[in-house]
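Asker: Give me coordinates for this.
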Amino acid sequence: MLLHEYLERIRSIIAQYNRADLILASDLGVDLRSEKIGIIRGRIDFIDESTLYVMEYLDLRYGVGKLTYSVHYQNREGGLIFRYDNASHKPQLDSREHKHLPAGLIIPSKPPEFENVLNEISDHLLR
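Answerer: Sure, this is the predicted structure:
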């Protein structure tokens, strides 16, 4: 898969949620290092004024490899709702791939699929 194909798949998923009137605005861009390596970065604003920030440094030469990633969802005041990332921490966590939740809770978690993140946000919005 090429990086621009991956980005178009994400944009297609965003368009589905946009048609459902859950998204106010979105802006995604790509910093190409090659046809299969690069960084996707952007933000999506939702109907309750919450925001999703996305950064994925991808290597698609042998499947979808997320070298580094951060998928950060916050409320209108900037308070954390959740964040998936694989950043190093001190003290070191039990799992490099993890999910941050409010009140400082951190749990192990695999890198999320973009559609699953939007499903999680949709559930949050429609509560």
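Asker: In terms of helix, strand or coil, where does the most centrally placed residue in the chain fall?
Answerer: Closest to where the C-alpha atoms of the chain average out (C-alpha atoms, centre = their mean) is V71, at 3.3 Å. Of the three states, V71 takes strand under DSSP: H, G, I helix; E, B strand; the rest coil.
Asker: Please name the nearest non-neighbouring residue to it.
Answerer: Y84 (4.4 Å; C-beta to C-beta, 6 or more residues apart in numbering). C-beta: built from backbone N, CA, C; applies to glycine.
Asker: Against D123, how distant is the one you found?
Answerer: Between Y84 and D123 the computed distance is 15 Å (C-beta to C-beta, to the nearest Å).
Asker: which of the two has more neighbours?
Answerer: Y84 (22 against 9; other C-beta atoms under 10 Å).
Asker: so what's that one bridging to?
Answerer: V71, K99 (DSSP bridges).
Asker: Low-confidence regions, the protein specifically.
Answerer: 90-93 (pLDDT under 70).
Asker: pull the longest helix from this structure.
Answerer: helix 3-19 (DSSP state H).
Asker: Could you list the paired strands of whatever helix or strand comes next after that one along with their orientation?
Answerer: Where DSSP states H and E defines the elements, the next helix or strand beyond helix 3-19 is strand 23-32. Sheet pairing here is set by DSSP bridges, and for strand 23-32 it gives strand 37-46 (antiparallel).
Asker: which of the residues in the strand it pairs with are buried?
Answerer: Buried residues in strand 37-46, defined by neighbour count with 16 or more other C-beta atoms under 10 Å: 37-42, 44, 46.
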